[in-house]
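In: Sequence and predicted model, in that order:
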Amino acid sequence: MPESQNPSHHVFASRALVRARLQQWDAALIDAEMAIDIQPSVMGYIAKSIAHVGKGERDKGYQACNIALERFYSSHGNFILLIKAIIVFIAGEHRDAISRLDDLIATVHLNSICYVVQAYMHLLLGNSHMERNNYEGAIQSFERVRCQVRQHTSRPVLMVPLISGWKFDNLDTTIRQRLCEALCAAGRTKDAVECFHQMTSKLVETHPEWALDFRQRSFKKFEHLGDTAVDTQQYDEAISHYSTALSLDLPFPKEILTKRIKAFMSTGSWKQAVDDANQVIMLDPSSPWGYEMKHAALHKAGDYDDAVDALEVMLSKLSQSPDPDVQQHCDQYIDPSSTRATIRKIVQRTTSHLPRVLINTTTGRLHNRAELASSFEDMPIFNKLVSSMTTRIDYVRIKREVRKYFRYVMLSHKWEENEPLFQQVVHVAVYELDQSPTHHKLQTFCKIVLDAGFSWAWSDTWCINKSDHFVLQEALIAMFKWYQGSAMVIVFLRGVRSSSQRGALVKSIWNTRAWTLQEYVASQIVHFYTEDWTPYLDLQFPNHKESPDIISEMEEATGVSAQQLMALRPGLSSIREKLRLASTRQTTLVEGAAYSLLGIFSVTGLPALYGEGEGSLGRVLAHVLAGSGDVGILAWTGESGSFISCLPSNITVFSGPATSHLPLPITDVEMESIITASQSSSFDLHAALTLYDRLNELSAPWFAASRMKLACIAFELPPFSQSHRTTRSGRVYRTDTVVFGIVEIKTRHDLSRMKSMYLVHPWLDTLLEREDKSNVMVEEDVVPPLSPNTGDEEIFDANNNFSSFIEPELLPQSAPMMVPTYRETRARRLVAHLRQPFGALLVTLASTGGRTVDYKRVAADSLITVQIQEDVSLADILDNIRTLDVL
């Protein structure tokens, strides 16, 4: 080449560097040496060094760098050292190269340049690790320099890419990108996302396609991880994964938000679930599904009011959706208004069986039934039920919750002076009453009920408006069922101190009262408290009724076993036992003895008339007798009442057993012997069968026109002898009869002035061995048994006796199908019972005017025990079967 065309050393040096970058190592070395021959320079030696290293001649390359340092150290020493570190790195001695840079970082002028070069070295090292699947090594390389990269525009930095071919543009984001990839490859996707978030805007700007791809890949990865965690019920982990996926800020995140809502709800994170549901709603306000999730989350959070609102909006969105498929979903949901209506019906039905007025134990105020029903809607449980029933109405659950809310506790106590009455306190809270013994009693009762977890209490002093006859009537009849339906009954024992010993309950005034008997019998759970409001005998039983001490004392007080006492139920069962128990109790008013029976006998439709006196007992007993057909109610001795002469004036007459009036029982062995003996030809089987049929046709006692229709066998007595003896309690009369022989009657009445007297055998059920009618349960108002006639007239024969005529359709259905041998046996057994001693009723002819013959019972002071003589024929007995009208 001519000298005039010789390029300068700069040109050869630059071309050498270019050829080195193209890996044309020999050509690069020739150009570098020519550059040095023309004029030694830093660039020439650097190019020569790179060419040698590229050819694998590392020592020659290092030697070229060392010559440059010797010749140009004063002016370019640090720069040459930097380039030599790069050459050492290119030669594969990475640690040595990085160590050289660490030494140069201490240099004042080039430390920032060294940081950039060192960062690039680590980038290359990290990439190398990635290629070898050494992800942890890559992560360490990238992590080491990710925070120390700086951007520089000085000449030395611009020369390095020219010399080395390294590109420092966006080095910091490139390192972040590679670190993200390394973390993902190592399974540390969450750390990769966190790294991505630290430079999201720059990465999106410098690597937009990669950034989108990374977010999409990571999103799917974390969604999958979240789904897997949900499948294994690791909900906290699922939430973390879903949250990481959502942080990538991809469009349309509704689906993963929905998944996170479910995970939040599984962990009880209701607020977070609601927040996510609100985000779903914001993303698509017209969709019902965001409101569906919001409703579910709010319901679980206990925010039932807002939950119901969300449910109603959801149903509105469903019905308004333009998508027919979405609209169809509306049919599977229950409108909250339907649930509310159902709850209100159940509440109304429930409150109709509650006492008319209850005390709110929180406020101490009275609530009538309307206020009780309204109070339920103010409770969280109301909207909880509405919110929870989205696809079907759970009637069982509603009833359970309603009954639970309206559980009430009743007070059983002896009334005292100055008891607070309804009119005095209807507008006053119990806790605001002035101090007095009776006020303190009521206040403490309410506090105990509240502490026991019950919202409602009842006391007969406060909660019955006795000035309202209808309300009073309802309470008297329903009180037994109210006590029976209570959650607990608290018995207050005035006069019994906390220090009292066992036996105090038996002697307590509470155990003498008529009303408290039915309260105890009716109640399911009872707690006894002394007058200073401590548990009686410090009993710890959940139910004092089950305490052996209480059982023993109540057996002693009532004379009835605990099993019998607890078996008593309202209705027309165990009539005589209930009357016997009531006969031992006291009441302040005469009518109280009668009206305290209304609930225990389930008597309805019978008005309570305070002021009528002892006639009230007759009215109640007549109602019970007509409903049950139990003539055992007539088995008493004493004074007749004013209502019907067959019924007593005082309940104390029932203190004795009814069995004393009834024919004596016959053992099976005796009965078999009697029936065998009756097989003889002398036994009048025809008369026995006729007698059996006639008695079977007779109706149970019933009442009409102030008379009792009493079916019986009535035997007329001859006149009593004028000679009679007198006792301290009355007169004793004697008479000799064909049917009974000598009959002796003790009574306060003057029998000598009476005409046409009869001894009556009314115990037909015993004669016929019928099932005890006292076990019949009557739910509705009782009605009189059918009269044997079809019109208004009673049918009498020529002797004014009740005729045996009966309409065919009124015959028992089983009569035509009766097996003759069975009928004969029943007839023989009847005759056997008929010959047994029995307690007879004494009646006298009261009047014969009009269309009926009236009789009146004459009360005896003692039992009239008689026995039909053996020589009295069955035909004679047949002639005396009658139905008497007893006044």
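Out: The structure has been received and is ready for your questions. Numbers count the residues shown, from 1 in each chain.
In: What distance do you get for residue 144 to residue 610?
Out: To residue 610, residue 144 is 102 Å away according to Cβ to Cβ, to the nearest Å. (Each C-beta comes from the backbone N, C-alpha and C, glycine too.)
In: Now do the top strand by length along the chain: distance to the chain's middle.
Out: Longest strand in the chain, counting residues (DSSP state E): strand 707-716. Strand 707-716 sits 56 Å away from the centroid of its parent chain (Cα atoms, centre = their mean, to the nearest Å).
In: pull the CA atoms of it into CSV?
Out: Only the C-alpha atoms of strand 707-716 are listed here, as CSV (Å, rounded to 0.1, in the frame of the first residue of the first chain):
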residue,chain,number,x,y,z
ARG,A,707,-130.5,-31.3,84.8
MET,A,708,-128.1,-34.2,84.7
LYS,A,709,-129.3,-37.2,82.6
LEU,A,710,-128.1,-40.1,84.7
ALA,A,711,-128.4,-43.7,83.4
CYS,A,712,-128.6,-46.1,86.3
ILE,A,713,-130.4,-48.9,88.1
ALA,A,714,-132.7,-47.2,90.6
PHE,A,715,-134.4,-49.2,93.3
GLU,A,716,-137.3,-47.5,95.2
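In: Identify all contacting residues around that strand.
Out: 622, 625, 631, 644, 646, 698-703, 737, 739-740, 756-762, 764, 784, 787, 802, 841, 843, 852, 854, 877, 880-887 (Cβ atoms under 8 Å, 6 or more residues apart in numbering).
In: ok, now which ones touch residue 260?
Out: So, once contact is read as Cβ under 8 Å, 6+ apart, residue 260 ends up touching 226, 238, 239, 242, 243, 246, 276.
In: returning to what we had before: average model confidence for the longest strand of the chain?
Out: In this model, strand 707-716 has a mean pLDDT of 92.
In: Which neighbours in the sheet does that strand have, and how are they oriented?
Out: Strand 707-716 pairs in its sheet with strand 702-704 (antiparallel), strand 757-761 (antiparallel), strand 881-886 (antiparallel), by DSSP bridges.
In: before we move on, back to that, format the contacts of residue 260 as TSV; extra columns: secondary structure, neighbour count and distance to residue 595.
Out: Converted to TSV, the contacts of residue 260 look like this (DSSP: H, G, I helix; E, B strand; the rest coil; neighbours: other Cβ atoms under 10 Å; distance: Cβ to Cβ, whole Å):
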residue	secondary structure	neighbour count	distance to residue 595
226	helix	26	72
238	helix	26	68
239	helix	23	67
242	helix	28	71
243	helix	17	72
246	helix	20	73
276	helix	29	65
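In: Just give me the neighbour total for the closest residue to residue 327 other than its chain neighbours.
Out: Spatial nearest neighbour of residue 327, excluding adjacent residues (Cβ to Cβ, 6 or more residues apart in numbering): residue 321 at 5.4 Å. For residue 321, the neighbour count with other Cβ atoms under 10 Å is 17.
In: any idea how far residue 330 is from residue 321?
Out: 8 Å.
In: Equivalent analysis for residue 580, please.
Out: From residue 580 across to residue 330, the span is 65 Å (Cβ to Cβ).
In: now swap in residue 402 and tell me
Out: For residue 402, the distance to residue 330 - Cβ to Cβ - is 28 Å.
In: Okay, helices next: where are they in the stretch 101-250 of the chain?
Out: For the stretch 101-250 of the chain, the helices defined by DSSP state H, counting those that start in this stretch cover 111-131, 135-145, 155-164, 171-185, 189-198, 200-206, 208-231, 235-247.
In: Which strands or helices does the lengthiest helix in the chain pack on?
Out: Identified as the longest helix of the chain according to DSSP state H is helix 58-90. Counting contacts by 3 or more Cβ pairs under 8 Å, 6 or more residues apart in numbering; DSSP states H and E, helix 58-90 is packed against helix 42-54, helix 94-104, helix 111-131, helix 155-164.
In: So for the third one, what gets flagged as buried?
Out: By neighbour count, and taking 16 or more other Cβ atoms under 10 Å as the criterion, the buried residues in helix 111-131 are 113-123, 125-127, 129-130.
In: which among those residues gets closest to residue 821?
Out: residue 130 (109.7 Å; Cβ to Cβ).
In: Quick check: end-to-end length of stretch 747-763?
Out: 22 Å (Cα to Cα, to the nearest Å).
In: average pLDDT for it?
Out: 87.
In: Report whether the expected contact of residue 511 with residue 555 is present.
Out: No: using Cβ atoms under 8 Å, residue 511 makes no contact with residue 555, being 11.8 Å away.
In: Thank you, goodbye.
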